[in-house]
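S.K.: Quick one, fold the following:
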Amino acid sequence: MVNKSGFALLKEKVPAFGSPWKAVMIFTGWFLLFLACLAFFWWFDGLVWYGALISQTIIALACSWLGYAHMRNAQRYRAKYGSLAYRRFFFHFIVPIFATWYACIFHPLLVGGTALLPLWLALVIAAALFSVRPLTAWHIHRAGFDEVGHGLGIYTVYPEEGTMVSSEIYSYIRHPIYTGGLFAALAFAFARNNPIALACALIFVIPILVEARLEDNEMTRRFGEEHREYMRSTGAILPRVRKTGKFLRFLLIRSRG
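M.R.: Modelled structure (predicted):
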């Protein structure tokens, strides 16, 4: 039996993705939910000067709760729905998690305010920060990490189908997908160049840390001491201080290979 990964695995678990029209409908549903979050930001942010901080916190907490609920209910769904477990799990948890997650990332782009830095400097910093996103994505792919299986929670429902990845970029940080998301949010905040936008990007740390902790707990249950030892030698989102220089060289130089 050949182990499936990527989109082939997703089509197996959610057969609707086998139809182009149904796949478009799924994406459209996700996008409408994402737009609803942005509309909420637009409305709430205009109520008071600190409205963006409150609205970002609300959506960040909603995203965190969804992350907690999806981990807590994974095996209950499997026991209740059997082979249909993940397709239900996907629509009930994964779609809203990704909608709120990306809304938090893009929210800083909607936030106006008093300039924090000279525009040229803010844009240079924004470009440098945003470059981390494609660099981490490239290294994630290079490490052989199944972004669909792991990133979309398939192995949360079917843990026996997943493996532990600890090489390449994962030898420095355990959750580089979240690293890329955080740096994208920070980049958007510097592109808008104001303190409130930057604070909104930092609030996004809440669901990042919640998700990282939940995933580490899940991996510890699955792999025991092996994962505990791995946690002791790596950072969750950023590398250990003593490895920062080596990590930056890895991120930049290895990307040329």
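
S.K.: what's the longest helix in the chain?
M.R.: Taking DSSP state H as the criterion, the chain has its longest helix at helix 51-81.

S.K.: pLDDT averaged over that one, what's the number?
M.R.: Helix 51-81 shows an average pLDDT of 95 in the prediction.

S.K.: Run the chain-centre distance for it.
M.R.: Helix 51-81 has its C-alpha centroid displaced from the chain centroid by 13 Å (Cα atoms, centre = their mean, to the nearest Å).

S.K.: So which elements touch it?
M.R.: Helix 51-81 makes packing contacts with helix 20-45, helix 85-89, helix 95-106, helix 154-157, helix 195-203, helix 205-223 when contacts are defined by 3 or more Cβ pairs under 8 Å, 6 or more residues apart in numbering; DSSP states H and E. Bear in mind the C-beta positions are built from the backbone N, C-alpha and C, glycine included.

S.K.: looking at those, which is buried most?
M.R.: helix 154-157 (a mean of 24; mean count of other Cβ atoms under 10 Å).

S.K.: that older thread, reformat the helices and strands packed on helix 51-81 as a markdown table; add distance to residue 69 and mean pLDDT.
M.R.: Converted to a markdown table, the helices and strands packed on helix 51-81 look like this (distance: least, Cβ to Cβ, whole Å; pLDDT from 0 to 100):
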| stretch | distance to residue 69 | mean pLDDT |
| --- | --- | --- |
| helix 20-45 | 16 | 97 |
| helix 85-89 | 11 | 92 |
| helix 95-106 | 9 | 97 |
| helix 154-157 | 12 | 86 |
| helix 195-203 | 20 | 98 |
| helix 205-223 | 10 | 93 |
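
S.K.: wait, which of those is closest to residue 114?
M.R.: Judged by Cβ to Cβ, the one of the helices and strands packed on helix 51-81 that comes nearest to residue 114 is helix 195-203, at 7.2 Å.

S.K.: Since that was my last question, I'll sign off now.
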